[in-house]
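Enquirer: One predicted model, sequence on top.
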Amino acid sequence: MIRVRNLTKTFKSLTAVKGISFDVEQGEIFAFLGPNGAGKTTTIKMLTTMLRPTSGTIQLDGIDTVLRQMAARKKFGVVFQDPSLDEQQTAYENMELHGVLYGMTKKLRAERIEKLLRLFELWERRKDFVKQFSGGMKRRLEIARGLLHMPKIFFLDEPTLGLDPQSRSQLWAHVKYLNETENTTIFLTTHYMDEAERVAHRIAIMDHGELIAQGTASSLKGRTDTDSLEDAFLALTGTSVRDGSASSTEQVREIARMIGSSR
Amino acid sequence: MNVIYILWLREVKRYVRSRVQIIFSLAQPTFYLLAFGLGFGPVFEKAGEGSYLQFLAPGIVGMTVLLSSMFSGIAVLWDRQFGFLKETLVAPVPRIYLMIGRTLGGATIGMIQGALILLVCLIAGFRPQHWVNLVSAFSFVTMIAIPFAALGMTLGSMIQSMEGLNLASNFLRDAHVLSVRRSLSIEQSVQGPQYDHAHRSALLRRGWSAGSTGRCLALQLLSGQHSVMYSGGNISYDRRLFLLANRSLKLLQRFAIRLPN
Ligand SMILES: Nc1ncnc2c1ncn2[C@@H]1O[C@H](COP(=O)(O)OP(=O)(O)OP(=O)(O)O)[C@@H](O)[C@H]1O
Ligand SMILES: [Mg+2]
């Protein structure tokens, strides 16, 4: 379903992704783990056509993302690491806009929106503005929205960041449910090892732009002779802290919030 | 088509919902109307020019449309900062649709603002010479609103950060000053149908040396707007503005291809 070959991305002087290759099968849940700055988000951005690869190829369901961008975009849904909701609109309007962007018919849109908002327990709040939602509700809405057009592949970049344990486990339960009922292929990144172990069929570990290991959680543990995924992760990536400097976009957003501008 | 409509609707909904913002954005042109009306009015009337409000109102309306359209275009910058832009960029929709939808939305907002200010002017006592002229004024104002909404959007999507916004607004101010200078010379070459033009350019120069962007714009638009809305249209001037609008649209087409990524 996802086929990546020698994927490379170079920013000016820094090579964030260094010729990685991997495959993800249909219906599989595939987790990408790695320390801060490993290149996970950069990889997802290339997979979702937000960034053009410096070299290498990506095929989603057999479609090359560079050569046939529009066709490829129809195949996937995505939840980015940073929020991407329209806070000035209601939950329902956000869903509606998404449905129209993806060319869904009115009838299908209405059905799907109701189904997903109910599933993510947002139906009662559908007429509320997103800016009034809690962090957890926003995240749930983003996930519901990403699934609206029944994508074959679903990308999730740290979807559980900042959520409480209840919301996290509930969120993964929903994602698993959709994976099973709609046979959606799921590609996720997370910093929570327990989640990856519980949810993912297969795990890849990335560090400094390279894939250093791939396999099931138990095979990774076996290979490193450790008995938790966390220990396996540390054994593979070392214990030194990576420089996780906040991106400038995040800083600007923070400033904008402080000023209190709404648009 | 649906895509263009829903993006247009989003802009308009956002505008209608932000009541405080509507009032604030109307306060400024109203203030100009009062400040200029009180300041220049008596001088203007003493010089035998007739009602100053009649002279000023079309310019204020034009300025409102121009600035409101442009700023609602620039709001695309906030969509980038708050992340919503990604949602539209990753969708299987050609960029040009996104651009058209937003541009029409921004232009619509500009037009609504202009209509509201026109209402304020009418309450204050402004009367167009012929009501029929409102029709041609409407199409003229549309020609201002659309290119400037698109221009605002282009600026907004080229600017990557808040520092960029400062740079861009400085640039815009300089461009205004230059274009006012330009319009002064155009002004002098066009024979005003009703005014002694030495008077007019003295007025313009005074406004220009005062230096404020808004005032420059108001003065710049006084003449063009005026000729359509009030004195019934000055053909040579109109064509020039039409060409300008046309040229800026062409320029924008070129920009549109280089939208954010
Ligand atoms: N637009 C950009 N320009 C320059 N460098 C970038 C850009 N985006 C990312 N990088 C760099 O690429 C590297 C990988 O970043 P990336 O965001 O992919 O990491 P990540 O694995 O997602 O980390 P995290 O777990 O913190 O989200 C980092 O060193 C980062 O500074
Ligand atoms: Mg990341």
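Expert: That came in fine, so what should we check first? Numbers count the residues shown, from 1 in each chain, chains lettered A, B, ... in the order given. Ligands and ions are numbered 1, 2, ... in the order given.
Enquirer: okay, CA-based contacts and neighbour counts for the rest of this
Expert: Will do.
Enquirer: Could you pull up the contacting residues of A:Leu148?
Expert: A:Met95, A:His98, A:Gly99, A:Arg109, A:Arg112, A:Ile113, A:Leu116 (CA atoms under 8 Å, 6 or more residues apart in numbering or on different chains).
Enquirer: For the helix or strand where A:Leu7 lies, buried residues please.
Expert: Per DSSP states H and E: A:Leu7 is located in strand A:2-11. Using 16 or more other CA atoms under 10 Å in any protein chain shown as the test for burial, strand A:2-11 gives A:Ile2, A:Arg3, A:Val4, A:Leu7, A:Thr8, A:Lys9.
Enquirer: That one and ligand 1 in contact?
Expert: Yes - contact of strand A:2-11 with ligand 1 (CA under 6 Å from any ligand atom) involves A:Phe11.
Enquirer: Now do that strand: everything it contacts.
Expert: So strand A:2-11 is contacted by A:15-25, A:42, A:53-62 (CA under 8 Å, 6+ apart).
Enquirer: Note down every partner strand of it and its orientation.
Expert: Strand A:2-11 pairs in its sheet with strand A:14-24 (antiparallel), strand A:55-60 (antiparallel), by DSSP bridges.
Enquirer: Just send the contacts of A:Leu148 back as JSON lines, with secondary structure too.
Expert: Below are the contacts of A:Leu148 laid out as JSON lines (DSSP: H, G, I helix; E, B strand; the rest coil):
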{"residue": "A:Met95", "secondary structure": "helix"}
{"residue": "A:His98", "secondary structure": "helix"}
{"residue": "A:Gly99", "secondary structure": "helix"}
{"residue": "A:Arg109", "secondary structure": "helix"}
{"residue": "A:Arg112", "secondary structure": "helix"}
{"residue": "A:Ile113", "secondary structure": "helix"}
{"residue": "A:Leu116", "secondary structure": "helix"}
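Enquirer: Which of those are buried? Put it as a PyMOL command.
Expert: With 16+ other CA under 10 Å as the criterion, this PyMOL line picks the buried residues out of those:
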select buried, chain A and resi 95+98+99+109+112+113+116
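Enquirer: Give me every residue in the stretch 1-150 of chain A lying close to ligand 1.
Expert: Counting by CA under 6 Å from any ligand atom, the residues of the stretch 1-150 of chain A near ligand 1 are A:Phe11, A:Ala16, A:Pro35, A:Asn36, A:Gly37, A:Ala38, A:Gly39, A:Lys40, A:Thr41, A:Thr42.
Enquirer: re the thing from before, list only buried entries from the contacts of strand A:2-11.
Expert: A:16-21, A:24, A:42, A:53-54, A:57-61.
Enquirer: can you map out the helices along the chain?
Expert: All of this refers to chain A. A:40-47, A:69-73, A:91-101, A:106-119, A:135-147, A:165-182, A:193-199, A:217-224, A:229-237, A:248-259 (DSSP state H).
Enquirer: not what I meant, chain B
Expert: B:2-17, B:19-46, B:52-74, B:76-81, B:84-89, B:95-124, B:133-158, B:162-189, B:197-210, B:213-229, B:235-256.
Enquirer: Any stretches of chain B with poor pLDDT?
Expert: B:36, B:38-41, B:43-50, B:159-261 (pLDDT under 70).
Enquirer: near chain A, which residues of it show up?
Expert: B:2-3, B:6-7, B:14, B:75, B:78-79, B:81-94, B:161-162, B:261 (CA under 8 Å from any CA of the partner chain).
Enquirer: Restricted to buried residues, select those residues in PyMOL.
Expert: The buried residues among the residues of chain B next to chain A can be selected in PyMOL (16+ other CA under 10 Å) with this line:
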select buried, chain B and resi 3+6+7+75+78+79+81+82+83+84+85+86+87+88+89+90+91+92+93+161+162
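Enquirer: Return the residues of chain A in contact with chain B.
Expert: So chain A meets chain B at A:48-51, A:70-71, A:73-74, A:82-86, A:88-89, A:97, A:100-102, A:249, A:252-253, A:263 (CA under 8 Å from any CA).
Enquirer: buried subset of the residues you listed?
Expert: A:48-50, A:70, A:73-74, A:82-86, A:88-89, A:97, A:100-102, A:249, A:252-253, A:263.
Enquirer: quick one, what contacts A:Leu163?
Expert: A:Gly135, A:Gly136.
Enquirer: ok, now how distant is it from A:Ser134?
Expert: 10 Å (CA to CA, to the nearest Å).
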